[in-house]
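1. need a 3D model of the following:
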Amino acid sequence: MNQDNISPENKSVGLRPNVIMFFFFVFIVIYPSFLYGWLYDQGTLHSLVLHAVYVVELMSIPVILYLVISRKRPKNVLSIAPITLKNAMYVAGITIAFVPITWILIWGGMFLGDSLPVYIPSFNTMWLGILTGGIIVAIFEELFFRGPVAYEYKRFGISIWKVALMSGVFFGALHGGVIQISYTAVWGFAMVLMLYYTRSIFAPILSHVIGNIFGHLLNPSYFVNSYMELGDMFPNLLVIAGAATVVLLPIMVICWKKLIINNPQGKESPAKESKRFVYSYWAVIVIIVVMTVLREINT
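-> Below you'll find the predicted structure:
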């Protein structure tokens, strides 16, 4: 029995990557916006709950449709397998070490006048944000991006590095402007490698949950009363995040080495479907550029 949950299968079965990616984007870009708009107009849900409902619907429908149409086993497509305690610790170490890097990009961009939207919430909403954005959103995004998206490319013989790049690009495209795309794409790339070495969807889910929770716990906007007060904090926050990065980077390197050494993989065969990868890759790049430009213009 083939033990690789995202290893290539019979290429004559199922949908091609460029087709399935277009199919997914129809739902990502168009359909969920109607539900989101309707719920927003009702005004009965907190914005954080509304966002969670939106993401759950956004991610789950394509996954369900993919499983129904392709008739693949959910266990294989979603890489449902237990994760060892050691692997979980390595994944946690890598993620925690990456957190200050993301905050340097976010705070640095905002300090330089980036248009990343920030609002001043109440402290009580932090816990609602952790539940909705930190846990629920993370789980469903991983089921999609490290599920069918990674699986479909891998199934057609694309190398794991290209699979990671493709999944990371898609992941980044969903997250907004230039600053957010810069770190979420890298993080998405890393989470595919976590999936590859651990063979478990729980590795990227754990990483995503930890990263999102720290994102809420370290969000200074929960602890200030105005934008002016938030702006005054940026220089000190950048210094703290820079120092944390210097301290934690060696831990990240050690955890990556341990994760790779303790989970040896077989040598990969050369990619045989590179044209399909290239076509869909550049299509996504164009979409990202257009979406990012439009967001920057509108803000």
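2. buried ones in the longest helix along the chain?
-> Ordering each helix of the chain by length in residues (DSSP state H) puts helix 227-261 first. Neighbour-count burial for helix 227-261, with 16 or more other CB atoms under 10 Å as criterion, is recorded at 230, 233, 237, 240-241, 244-245, 248, 252, 255-256, 258-259. Where C-beta positions appear, they are placed from N, C-alpha and C, glycine not excepted.
3. nearest to L143 among the residues you listed?
-> Set against L143, the nearest of the buried residues of helix 227-261 by CB to CB is L259 (21.5 Å).
4. would you agree that closest one is in contact with I94?
-> Yes - L259 lies in contact with I94 (CB atoms under 8 Å); the separation is 7.4 Å.
5. list residues touching both of the two?
-> Between them, L259 and I94 share these contacting residues under CB atoms under 8 Å, 6 or more residues apart in numbering: M194.
6. what about the stretch 51-200 of the chain, any weak spots by pLDDT?
-> Screening the stretch 51-200 of the chain residue by residue with the criterion pLDDT under 70, one finds the ranges 109-124, 156-157, 176-177.
7. in the stretch 51-200 of the chain, which spans are helices?
-> 74-77, 85-111, 125-129, 137-144, 150-155, 160-173, 178-198 (DSSP state H, counting those that start in this stretch).
8. looking at the ones you listed, which is closest to I213?
-> Between these, helix 137-144 lies closest to I213; by CB to CB that is 8.5 Å.
9. from the contact counts, what lies against the closest one?
-> helix 47-70, helix 202-217 (3 or more CB pairs under 8 Å, 6 or more residues apart in numbering; DSSP states H and E).
10. output stretch 241-257 as PDB, nothing but the C-alphas.
-> Once non-C-alpha atoms are left out, stretch 241-257 reads as follows in PDB (Å, rounded to 0.1, in the frame of the first residue of the first chain):
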ATOM      1  CA  ALA A 241      10.400  41.900  17.600                       C
ATOM      2  CA  GLY A 242      13.900  42.300  16.100                       C
ATOM      3  CA  ALA A 243      15.500  41.100  19.300                       C
ATOM      4  CA  ALA A 244      13.100  38.100  19.500                       C
ATOM      5  CA  THR A 245      13.900  37.200  15.900                       C
ATOM      6  CA  VAL A 246      17.600  37.100  16.700                       C
ATOM      7  CA  VAL A 247      17.100  34.900  19.700                       C
ATOM      8  CA  LEU A 248      14.600  32.500  18.100                       C
ATOM      9  CA  LEU A 249      16.100  32.100  14.600                       C
ATOM     10  CA  PRO A 250      18.600  29.400  15.800                       C
ATOM     11  CA  ILE A 251      15.700  27.500  17.400                       C
ATOM     12  CA  MET A 252      13.900  27.600  14.100                       C
ATOM     13  CA  VAL A 253      16.900  26.200  12.200                       C
ATOM     14  CA  ILE A 254      17.400  23.400  14.800                       C
ATOM     15  CA  CYS A 255      13.700  22.400  14.700                       C
ATOM     16  CA  TRP A 256      13.700  22.300  10.900                       C
ATOM     17  CA  LYS A 257      16.800  20.100  10.900                       C
END
